[in-house]
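Asks: okay, sequence plus prediction incoming.
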Amino acid sequence: MQSNRIKVLATLGVLSAAAAGLGGIGTFAGFTAQVKNADNLFSNGTLVLSSTKTGGSACLSTGGGTTDTNSNTSCEALFNATVQKPGDSATQTVTVKNEGSLAATAFKVFSAACTNADNAESYHGTGNPCSKVQLYVQQYSDSGFTTPSACVYGGTTTANTCDFSDAAKTLAAFQTSYSSSSNGLAIGSGLDAGGSTYFKVGVKLPADADNTFQGRKATTDLTWYLA
């Protein structure tokens, strides 16, 4: 009797082990499914501005380096009008281009400062030429500067064409009204990626300037801005 009981228990042990083995095989045979969304990417474009004085080299907002600052204050002067007299004027053409891959939704021009000082001559008046020297910024639609598209700033007697008819449009007046990127003078609605636009900047000492302006100079800046 005891022997039969031992045989039954042994048989149950073998059957249990076999069942466990079959259960393990069943786990590997279960259904599975998966999908993978690979190489998800977020890549930033660029806004890089260039200013090219006619006859000069392109000056980049990056300074030729990284975009960490992207503000270049070392571009060459557009004009250097010396030994002028009442009634004299000077102009310079410049091409401004969005060198980046993003369209700018804001395009502005401003002047952070205009400084009055004595020039290098021996005799000087006491006038403030920033408040007397007139300024205009004429925009063109073509690289040949032949078709005026807008008088951005200055006097105008013909539609879209700047002139020196408004004596109140001076270097100082421009700087006072448009002194930073936040209150800069808006030009159009922006500038497309790779797009260029063309300007002529003109300055003039009016013919009625008196002796107080002798031996004096005005030094100012123009900053082009994209956002």
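Replies: Structure received. On a predicted model such as this, the values are computed, not experimentally measured, just so you know.
Asks: where does the chain dip in pLDDT?
Replies: 1-28 (pLDDT under 70).
Asks: for it, just list every one of the strands.
Replies: When secondary structure is read from DSSP state E, the chain shows strands at 49-53, 59-60, 89-98, 107-110, 114-118, 134-140, 148-153, 155-158, 161-163, 185-186, 196-204, 216-220, 223-226.
Asks: so of those, which one's packed in deepest?
Replies: strand 134-140 (a mean of 23; mean count of other Cβ atoms under 10 Å). C-beta coordinates here come from the backbone N, C-alpha and C atoms, glycine included.
Asks: the helices in this protein, which residues?
Replies: Secondary structure of the chain by DSSP state H: the helices cover 2-28, 171-177.
Asks: for the last one, enumerate the helices and strands it packs against.
Replies: Read it as helix 171-177. Under the contact criterion of 3 or more Cβ pairs under 8 Å, 6 or more residues apart in numbering; DSSP states H and E, helix 171-177 touches strand 114-118, strand 134-140, strand 216-220.
Asks: so which elements touch the longest one?
Replies: Spelled out, it's strand 134-140. strand 148-153, strand 161-163, helix 171-177, strand 196-204.
Asks: wait, which of the ones you listed is closest to Ala58?
Replies: With respect to Ala58, and counting by Cβ to Cβ, the nearest of the helices and strands packed on strand 134-140 is strand 196-204 at 10.8 Å.
Asks: what's in contact with that closest one?
Replies: 78-79, 81, 87-98, 107, 133-143, 145, 152, 154, 162, 164, 171, 187-188, 191, 222 (Cβ atoms under 8 Å, 6 or more residues apart in numbering).
Asks: can we see that at 6 Å?
Replies: When contacts are taken as Cβ atoms under 6 Å, 6 or more residues apart in numbering, the neighbours of strand 196-204 outside the stretch itself are 78, 89-97, 133-140, 143, 145, 164.
Asks: just stretch 171-185 next, same as before
Replies: Outside stretch 171-185, the residues that reach it (Cβ under 6 Å, 6+ apart) are Lys108, Val109, Phe110, Ser111, Cys114, Cys130, Ser131, Val133, Leu135, Ala218, Thr220, Tyr225.
Asks: that stretch: how far from the chain's middle?
Replies: For stretch 171-185, the distance from its own C-alpha centre to the chain's C-alpha centre is 17 Å (Cα atoms, centre = their mean, to the nearest Å).
Asks: which parts of it are buried?
Replies: Residues of stretch 171-185 classed as buried by neighbour count (16 or more other Cβ atoms under 10 Å): Leu171, Ala172, Ala173, Phe174, Gln175, Tyr178, Ser179, Ser181, Gly184, Leu185.
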